[in-house]
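>>> Quick one: sequence and predicted model below, then my questions.
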Amino acid sequence: MKKPFLIGLLGSTYSGKSTVGRFLKKTKIDFIESDKIVHQLYLPEKRGWQKIKKMYGQRFFDQQQRLNRKKMGEYLFSHPAELKKIETIIHPLVFQEIRQKIKKSPAKIIAIELIKLPPENSGIIFAKLLLIKRSKKNILSQVKSKKEEKYISEILRQQKFTGQFDFIINNNQDLDTLQKAVQKITIKLRS
């Protein structure tokens, strides 16, 4: 069986990665959302949940033992060394799940949404990289409170994308414009 053609779909928080992924899915390109994988790993008693619990005890958990991702995120993004520790624990679990989803997918082309590229030893090698850019102003227009604005601003400050990208989408207009940009890219990918 031939290996699928993998597309890395990168962008900051609120850049529109999931929306672009849904548009790609409409064109028969499989879409793996790493954020959904993380949500699954953080469910009670799952591997990610267990690792966070072991590191931090009850600090980020409610009375029903659910992980409060927002509370944990606020802490981690204001403590970069702790964020790096969590990434070294959680990212390998996410990459393992992504590899399993790739194996199970019958698709010839698979787009994988990420906030950062996996290391070379992850076993995930992309044929193409797609960056979704969105202005800070447009991202913050989606934020509901001043506290959340401060939190998202800190995330955006830490999320920098450098390197060689095969495609770049500027997602600062309406959904129709975004969908047309995705359609142009899918035509290039299939040619």
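Done, it's in.

>>> what about the longest helix in this structure?
Secondary structure of the chain per DSSP state H: the longest helix is helix 80-104.

>>> That helix: what's the following helix or strand?
strand 109-114 (DSSP states H and E).

>>> Does that following strand pack against any helices or strands, and if so which?
strand 5-11, helix 17-26, strand 30-33, helix 34-41, helix 80-104 (3 or more C-beta pairs under 8 Å, 6 or more residues apart in numbering; DSSP states H and E). C-beta coordinates here come from the backbone N, C-alpha and C atoms, glycine included.

>>> where does this protein have low pLDDT?
The model of the chain has pLDDT under 70 over residues 1, 147, 151, 154-155, 157-159.

>>> Can you tell me which residue sits nearest the middle of it?
The centroid of the chain falls nearest to Leu114 when counting by C-alpha atoms, centre = their mean (3.2 Å).

>>> pretty sure it contacts Leu6?
No - under the criterion of C-beta atoms under 8 Å, Leu114 makes no contact with Leu6, lying 11.0 Å away.

>>> Leu83 contacts Gly73, correct?
No - using C-beta under 8 Å, Leu83 makes no contact with Gly73, being 9.0 Å away.

>>> And for the nearest residue in space to Leu76 that is not next to it in sequence, the neighbour number?
Among residues not flanking Leu76 along the chain, Leu83 sits closest, at 4.2 Å (C-beta to C-beta, 6 or more residues apart in numbering). Residue neighbour count, defined by other C-beta atoms under 10 Å, stands at 16 for Leu83.

>>> now swap in Ser78 and tell me
12.

>>> do the same with Ile168
So Ile168, with other C-beta under 10 Å, has 14 neighbours.

>>> Same check on Ala181?
18.

>>> Quick check: it touching Ile169?
Yes - Ala181 lies in contact with Ile169 (C-beta under 8 Å); the separation is 4.9 Å.

>>> Which phi and psi values does Ile132 adopt?
phi -110, psi 120 (degrees, to the nearest 10).

>>> who touches the nearest residue to it once chain neighbours are set aside in this structure?
The shortest distance from Ile132 to any non-neighbouring residue, by C-beta to C-beta, 6+ apart, is to Gly11 (3.5 Å). Gly11 makes contacts with 17, 115, 131-134, 161, 171, as judged by C-beta atoms under 8 Å, 6 or more residues apart in numbering.

>>> show me what contacts the residue nearest to the centre of the chain?
8-10, 34.
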